[in-house]
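Colleague: what's the 3D shape of this:
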Amino acid sequence: MHAPYLINVASANNRVRIPSRKILQDTCDAAADIGAAAVIVHGGHADDNDIQAGCERWRKTMERLETDVPVYLENTAGGEHAMARHFETIARLWDHIGDTGIGFCLDTCHAWAAGEALIDAVDRIKTITGRIDLVHCNDSRDAAGSGADRHANIGAGQIDPELLIAVVAAADAPVVCETADEGRKDDIAFLRDRVG
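Modeller: As a prediction, the model looks like this:
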């Protein structure tokens with residue numbers, strides 16, 4: 001289950017951060033009610049330009065969260081002072097929350113849009129987090145480093161399909177294709193044929 005996109009537990013603004021924590025808790029409760037495997041959440045951004053403080057706010061969120069449903073942080077495509085856009089920032093955040101049991105979801109379109117090289121993305125993320133629990137395997141409509149979160153069906157965007165196959169194989173984790181309904185079955189069939 002994906003938490004609402006607008007959650008920002010890293011915000012310095014109490015009117016954003018506190019409701020975001022409640023929405024995340026409510027999402028985890030709903031996920032437990034339906035037997036969801038996990039809750040995926042974006043990292044948000046430090047709207048006061050203070051990544052360190054954003055990391056500390058994330059830590060408080062994880063300490064207060066009451067759930068048996070795993071929570072996976074997903075890397076994001078863009079945004080000023082984003083907590084999970086660039087891998088170096090993810091490393092800083094992970095230093096604060098890695099021991100809370102949080103998992104990681106690697107989104108290929110988001111990494112591409114953030115300007116992260118996909119060829120070694122799995123190794124770099126596993127070095128930071130020690131894990132990849134889920135892959136969102138998506139092509140990207142836009143160029144690498146564009147910051148644009150515009151998913152495309154595999155082979156219809158800017159990412160070499162062979163690179164996507166390599167990421168999925170290296171991650172050795174469950175995969176979700178977050179692509180348009182039209183073409184998603186072909187994306188899944190392609191990955192099953194090439195990766196297994």
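
Colleague: a helix runs through Val167, doesn't it?
Modeller: Yes - the assignment for Val167 by DSSP: H, G, I helix; E, B strand; the rest coil puts it in a helix.

Colleague: Could you check how many residues crowd around the closest residue to Ile128 other than its chain neighbours?
Modeller: In space, and not counting its chain neighbours, Ile128 is closest to Ala91: 4.6 Å by Cβ to Cβ, 6 or more residues apart in numbering. (Each C-beta comes from the backbone N, C-alpha and C, glycine too.) When neighbours are defined as other Cβ atoms under 10 Å, Ala91 has 15 of them.

Colleague: Same question for Glu66.
Modeller: Glu66 has 7 nearby residues by other Cβ under 10 Å.

Colleague: in what helix or strand does it lie?
Modeller: Here Glu66 sits in a region with no helix or strand, counting by DSSP states H and E.

Colleague: Helix or strand: which one has the residue nearest to it when sequence neighbours are not counted?
Modeller: Excluding the flanking residues, the one nearest Glu66 by Cβ to Cβ, 6+ apart is Gln25, at 6.9 Å. Assigned by DSSP H and E, Gln25 belongs to helix 14-34.

Colleague: same question, Arg59
Modeller: Using DSSP H and E, the element containing Arg59 is helix 51-64.

Colleague: Please list the outside residues in contact with the helix or strand that that helix is followed by.
Modeller: Under the assignment DSSP H and E, the closest C-terminal helix or strand after helix 51-64 is strand 71-74. Strand 71-74 is contacted from outside by 24, 28, 38-43, 62, 65, 84, 90, 93, 97, 101-107, 110, 133-134, 136, using Cβ atoms under 8 Å, 6 or more residues apart in numbering.

Colleague: immediately after strand 71-74, which helix or strand?
Modeller: helix 87-97.
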